[in-house]
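Colleague: Below is the sequence, then the predicted model.
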Amino acid sequence: MKDKVSNIKPPCIVACPVHADIQTYVGYIGQGRFKEALDVIREGCTLPGSLGRICNHPCESECRRNKVDEAVSIRSIKRFAADVCMGLPHPDPIPKIKGKKVAIIGGGPSGLTAAYDLAKDGFDVTIIEKNDACGGAIYTGVPKYRLPKDIVAWDVEAIASLGVEIKTNTEVGKNISFNDIVKDYDAVLIAIGLSISRGLPIPGADAEGVLLALPFLKMVNFDESAKAAKRVIVIGGGNVAIDVARSARRIGAEDVKMFCLESDEEMPASPWEIEEAKEEGVQMFPSWGPKEITVKDGKVVGMVFKRCLSVFENGMFNPKFDECELTEVETDNVIFSIGQGADVSGFVNTELSVDERGRIAFNPSTMQTNMKGVFACGEVVTGPGAAVAAMKSGHRAATAIARFLETGKAAALHLSEPTAIGQVPDSVVDIITKLPRTPVEMANPVERATNFGEVEFGFDQKTAMFEARRCMSCGAGARIIEEKCAACLTCVRVCPYGAPYVREARVANFALENCQACGICAAECPALAIDIKLNIDTGIAVRASRSLDEPFITAFTCQYSVPEVLNPDTVKTAPLAGVNQVAMLCNNRIDTLHILAAFEAGADGVLVAACPDEKCRHNKGVDWPKIRVDRAKDMLNGIGLGADRLEFAKVAKGSAPGLASAINTFKDKIKELGPSPASKQLTPSK
Amino acid sequence: MIVAEPKSLDEIKAMTEGFDRILMVGCGTCTTVSLTGGEREVNLMATALRLARKVEGRDIEIGEQTILRQCDFEYIDELKDVDSYQAAVSFACGAGIQGLARKFVGKPVLPGVNTQFIGFNEEYGYFTEQCKACGDCILHLTGGICPVARCAKGLLNGPCGGTNNGKCEISKDKDCAWVLIYNQLERLGNLEQFKKIIAPKDFAKAGNIRSMDLRKAGD
Amino acid sequence: MGFKEALANGEFVVTAEVGPPKGTDISEMVHHVKMLKDKVHALNVTDNQSAVMRVSTIAVTKVLLDLGVEPIFQMTCRDRNRLGLQSDLLGAAIFGVKNVLALTGDHTLLGDHKDAKPVFDLESVQLLQVINRLNEGFDMAGNELKGKTDFFAGAIVTPEANPLEPQFAKFEKKVEAGAKFFQTQAVYDLKKFHTFIERAGKYNVPILAGILLLKSAGMAKYLNKFVAGISVPDELIQELADAEKPLEKGIEIAGRQIRELRQVCAGVHVMAIGTEDKVPDILAAAGL
Ligand SMILES: Cc1cc2nc3c(=O)[nH]c(=O)nc-3n(C[C@H](O)[C@H](O)[C@H](O)COP(=O)(O)OP(=O)(O)OC[C@H]3O[C@@H](n4cnc5c(N)ncnc54)[C@H](O)[C@@H]3O)c2cc1C
Ligand code: SF4
């Protein structure tokens, strides 16, 4: 079957710079398959523990649930996947079958991501990192209260375990020369990020007590004894400035003021960061520009600001000030947090070109620098942004390098970008069951501002699973097999969401915007011409040589009908005991054919454990599973197995006792009925 | 469209008794649309029959194939390996079943459905008879509502005495076609038509062994 | 005086009916016929009434003729195609049957052979036309008959049908097709019946109002609920419910109604299958 819409993806995936398969991993979490979720996450987002905490999650802004109620809490779900798996051993090393060596200079998110991809591809990868550990700006810059260092370390270890060699405390240009690296490796990737903080050449900028963001944050991160003065002014309105301000509070500053050019609405920092900073007592002063720092005895005593009227003109940075409206603020410290620049000092006197902004010059379509076999990625070429954007750049570089090493040429990458499914139509919004977003618990603002403990608590298993089940599985629903479609209109008539349309093309089509992936149509199509893209687990186990003494029972359930008992070895919720569970996309996907197939596979009894009407989000008044069970019962009587061997029950989702007791009662009944006369054939009795 | 209802498994069991290799053939046109003879039903019946035989203690083999139509030779010819089967069960209308029988020379072709009527698909899973293929259409006289198909007695000149509150004497669930016709003719301003006596129908046109030959004009 | 002549003379005509039995023992039927013989102008012989299989109508009309009673041959279109209908009509004619009541007939699904194939090759209106054609000396196919018939053809009408309009239009068609008299479904609501008679008046065909003995309030309610075209007014049901002896009350009501109907229509048709022995009492109560 050709999938006409293969490059149309849920908007969360499209919005995510690395196009992580959000829908799949969120689905796995909802089904209690945590380790599998983590494996999926890593393919796109190579630092799941870290990004699960600090990602700016553009996916959530685009989540189609926003129009229905609120976005799925994707980042917190990711964090849960990482946290719940932290006890597991790291992945095994990948054999270096390619026989080619790659050096990656810089172990930040972009370099680590490229290392992950290349190692998985079988290349021999070495990371050369100047710091004592990898992680880059999220290690040295991001404060611990948002991202504990051991989490970064765990993420890095997972990559190292693939067989990536990491040389720390090795600065290119100081401990090792760039030219040597170029000589020793088949390809080189420069991923050195932006490690220089910028200040402003205003009067007083060189006074004692004037600091820069990155050194300040590094100090806060690694110097346990770091202390701030009582009054601190932070210049800047981005996320880094917020980190500086909130860190300053934690090391003793009582009066922390943030001044930025941008107005309240224009502040580049994420709204939730601003909110959390305010809760911790940070004061915001938008629309002010720095004029001068007041100095007394060589030390900062205050700062003068001028009113900023506008920041941008035609989209270009071009601030306008009212020089008459001034304000002077007393302070002990001024910390500039107005941007970062590249430090390319380790590459001087080499062939490598640097652009007019001081970043490494490269060709964005090949990721190659002016030197053959030397590539660059991450913020050192893209400029500042979010970690996940740096990762995207790392993935691209890895692809470029792999191709280079395989063909000897750096070729333009034509990686096709997916397009997003449109918004949920209003008519469908009305029908979709509303499920409010699960709030993430936060530490008390007064208390948390005094220490570096994590501000945000992750989801526990139950909330993570519940939140994951809010995902609407956008675009994962019906696909037509055109050759089979009889244009009978059945799908049109049974779909609660108005997704299928047949008339124009004389063959069924499904409006992805409408489809909610309930599966009703697929179980009714008389021509078996509908495929559900997201088939959870339609594999029905065969009673191979199991004994006839124990009843062999197949239970069809909703994909989310799983008891919440975690198996620590597999990091999966425990499968139901004594039953062969077939998790369906939704109860509504359960088909009479599935039921008969289970009997044919040797089941002595089949239990259809559907969710109660009010718990099934796709139940819109027609009890489809019941209708299909009734048909199957009819047939079972004709077959000679008897309708007694098929049971229909409504069991609450995720409720172990309900499901388990339904199974046990049914098992007793089947035990009494004895083995299925149809399964005797399969297992000759001893 | 031609509407067919499924035959009971018991009946299919009885007629396939004694065969171990059976081909079940779905029809991709009318009976698929009437939800009883498409790939799904074939699959369902095949599974059910296999299971039923297993219960009786034997394993049989059932081939499942669905073709676009069973009332055209060209499509029937698309069936594969027909020789390897002892019998076929067709899920097409009577025409298709007989079409298939011509392909299965010397082997039994059995009906998998009961062909019901020429019907209208009112809503999902609900079909109503609309036409008796009487060969002599009078819909222009009856406000576009066919009394031959929709009056229990096929009356041509108005309701019988059994009409009751717009329903038929055979069932309270069935509309009296003649009340519908009267109302429609009234709406059309054509009650005069109702008053005209319609002559007895020429049932010769609906007789047996009917055929239609459009080739004559070319002779 | 014969049925046709009595109607022509404007006498108040009384008919009743006799149901052929299921089986060959006709003694009870003969007993009823003898009892009613002098009380009525003619007796209808039903045709597999309610689609329940019984002795053929044609045979029973012959029994009646032999007993000296004038039969009205009820002929339905359910069990015979156009050949069967015509040949039975010719057969009846040679026995001396004059009156035919042309009916469509109840559906087989209502009777005791539900699995039978219903015929309905013709229907009442067309059958009336066929009878007139036979009277003219031709069969339906236009072939000339050797000896023609002289039937007095009638039909039925349901004056209280709901909705009435299509039923009335059909009544008009029956007149046009050659119905010379009408017998009606049981009437109870005399007001409604009056309206019908007024509308039907211009066609100048004699109408015999149907009389069906109400044996109890329960029966009245049953009729209202299940029988098409019958509506027993609440006052009558109350009257029956209040009565100590409902059967006698029913006879009284029937008599009273016949007296009233005398003013407006050509006669009455007393339907009393199963209570044939009460017909004389009803007629007595009506002063006939
Ligand atoms: C304070 C702060 C807070 C942030 N908060 C967030 C956030 O909440 N969410 C988010 O998504 N993003 C955040 N970011 C942005 C994110 O950290 C960056 O986008 C990301 O780290 C960039 O990755 P990179 O690999 O391009 O560079 P970097 O992370 O800067 O990594 C470069 C690495 O190269 C090493 N290096 C540099 N020069 C040499 C040399 N000569 N020899 C050897 N090694 C060298 C460095 O030590 C460093 O480890 C934040 C950034 C900062 C500074
Ligand atoms: S509902 Fe699920 S698939 Fe759809 S955009 Fe949100 S997270 Fe992605």
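Modeller: Right, received. Where do you want to start? Ligands and ions are numbered 1, 2, ... in the order given.

Colleague: need the longest helix for the chain.
Modeller: Going with chain A. helix A:387-407 (DSSP state H).

Colleague: Chain B is the one I meant
Modeller: helix B:39-56.

Colleague: I'd like to know which elements the helix or strand where C:Phe193 lies is packed against.
Modeller: Assigned by DSSP states H and E, C:Phe193 falls within helix C:190-200. Applying 3 or more CB pairs under 8 Å, 6 or more residues apart in numbering or on different chains; DSSP states H and E, one finds that helix C:190-200 makes contact with helix C:164-177, strand C:207-212, helix C:246-261. In short, each C-beta sits where N, CA and C put it, glycine included.

Colleague: any idea of the mean pLDDT in stretch A:186-195?
Modeller: With pLDDT averaged residue by residue, stretch A:186-195 scores 97.

Colleague: same deal with stretch A:456-474?
Modeller: Stretch A:456-474 shows an average pLDDT of 94 in the prediction.

Colleague: and it with ligand 2, contact?
Modeller: Yes - using CB under 6 Å from any ligand atom, stretch A:456-474 reaches ligand 2 at A:Cys471, A:Met472, A:Ser473, A:Cys474.

Colleague: Kindly report the same for stretch A:425-443.
Modeller: No - between stretch A:425-443 and ligand 2, judged by CB under 6 Å from any ligand atom, nothing touches; the nearest distance is 10.2 Å.

Colleague: Need the distance between the two termini of that stretch.
Modeller: As for stretch A:425-443, its first-to-last residue distance stands at 38 Å under the measure CA to CA, to the nearest Å.

Colleague: Same check on stretch B:119-131?
Modeller: Using CA to CA, the end-to-end distance of stretch B:119-131 comes out at 7 Å.

Colleague: who does the next helix or strand after the longest helix of chain A touch, helix- and strand-wise?
Modeller: Counting by DSSP H and E, the element after helix A:387-407 in chain order, helix or strand, is strand A:419-420. Helices and strands touching strand A:419-420, as assessed by 3+ CB pairs under 8 Å, 6+ apart, comprise strand A:8-9, helix A:11-15.

Colleague: Which of those sits closest to C:Gln185?
Modeller: Across those, the minimum distance to C:Gln185, taken as CB to CB, is reached by strand A:8-9, at 67.7 Å.

Colleague: How far off centre is that closest one?
Modeller: 17 Å (CA atoms, centre = their mean, to the nearest Å).

Colleague: Also stretch A:480-500?
Modeller: On the basis of CA atoms, centre = their mean, the separation between the geometric centre of stretch A:480-500 and that of its chain is 33 Å.

Colleague: just stretch A:300-314 next, same as before
Modeller: Distance of stretch A:300-314 from the chain centroid (CA atoms, centre = their mean) equals 37 Å.

Colleague: How about the residues of chain B by chain A?
Modeller: Listed as neighbours of chain A in chain B under the rule CB under 8 Å from any CB of the partner chain: B:8-10, B:13, B:28-29, B:32-33, B:35-41, B:43-44, B:47-48, B:50-52, B:54-57, B:59, B:66, B:121, B:123-124.

Colleague: Can you say which of those residues are buried?
Modeller: The neighbour-count test (16 or more other CB atoms under 10 Å in any protein chain shown) applied to the residues of chain B next to chain A identifies B:9, B:13, B:28-29, B:32-33, B:35-41, B:43-44, B:47-48, B:50-52, B:54-55, B:66, B:121 as buried.

Colleague: returning to what we had before: highest average neighbour count across the helices and strands packed on helix C:190-200?
Modeller: Taking mean count of other CB atoms under 10 Å in any protein chain shown as the contact definition, the stretch among the helices and strands packed on helix C:190-200 with the greatest mean neighbour count is strand C:207-212, which reaches a mean of 26.

Colleague: Check whether the next helix-or-strand element following it comes near chain B.
Modeller: Along the chain past strand C:207-212, the next helix or strand (assigned with DSSP H and E) turns out to be helix C:217-226. No - when contact is scored as CB under 8 Å from any CB, no part of helix C:217-226 falls within range of chain B; the minimum is 8.9 Å.

Colleague: Buried by neighbour count: which residues of helix C:217-226 qualify?
Modeller: Judged by neighbour count using 16+ other CB under 10 Å, the buried positions of helix C:217-226 are C:Ala217, C:Met219, C:Ala220, C:Leu223.

Colleague: The last one and C:Val232 touch, don't they?
Modeller: Yes - counting by CB atoms under 8 Å, C:Leu223 sits close enough to C:Val232 to count as a contact (5.9 Å).

Colleague: got any residues that touch both of the two?
Modeller: By the contact definition CB atoms under 8 Å, 6 or more residues apart in numbering or on different chains, C:Leu223 and C:Val232 are jointly contacted by C:Leu214.

Colleague: Using PDB, write down the CA coordinates of stretch A:164-179.
Modeller: In PDB, the C-alpha atoms belonging to stretch A:164-179 read as follows (Å, rounded to 0.1, in the frame of the first residue of the first chain):
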ATOM      1  CA  VAL A 164      32.300   6.700  22.200                       C
ATOM      2  CA  GLU A 165      35.700   7.700  23.600                       C
ATOM      3  CA  ILE A 166      35.600  10.900  25.600                       C
ATOM      4  CA  LYS A 167      38.800  12.900  26.300                       C
ATOM      5  CA  THR A 168      38.000  15.500  28.900                       C
ATOM      6  CA  ASN A 169      40.200  18.300  30.100                       C
ATOM      7  CA  THR A 170      41.500  18.500  26.600                       C
ATOM      8  CA  GLU A 171      41.300  21.900  25.100                       C
ATOM      9  CA  VAL A 172      42.000  22.200  21.400                       C
ATOM     10  CA  GLY A 173      44.700  24.800  20.800                       C
ATOM     11  CA  LYS A 174      46.000  24.300  24.300                       C
ATOM     12  CA  ASN A 175      46.400  20.600  25.100                       C
ATOM     13  CA  ILE A 176      46.100  19.400  21.600                       C
ATOM     14  CA  SER A 177      46.500  21.000  18.200                       C
ATOM     15  CA  PHE A 178      43.800  21.200  15.700                       C
ATOM     16  CA  ASN A 179      46.100  20.300  12.800                       C
END
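
Colleague: Please name the nearest non-neighbouring residue to A:Gly578.
Modeller: Setting aside the residues directly before and after it, A:Gly578 is nearest to A:Lys667 in space (CB to CB, 6 or more residues apart in numbering or on different chains), at 6.4 Å.

Colleague: Okay, and the one you found sits in which element?
Modeller: Per DSSP H and E, the secondary structure element for A:Lys667 is helix A:656-673.

Colleague: Output the longest strand belonging to chain B.
Modeller: Ordering each strand of chain B by length in residues (DSSP state E) puts strand B:113-123 first.

Colleague: Check which residues of that one are buried.
Modeller: Neighbour-count burial for strand B:113-123, counted by 16+ other CB under 10 Å, picks out B:Val113, B:Thr115, B:Phe117, B:Ile118, B:Gly119, B:Asn121.
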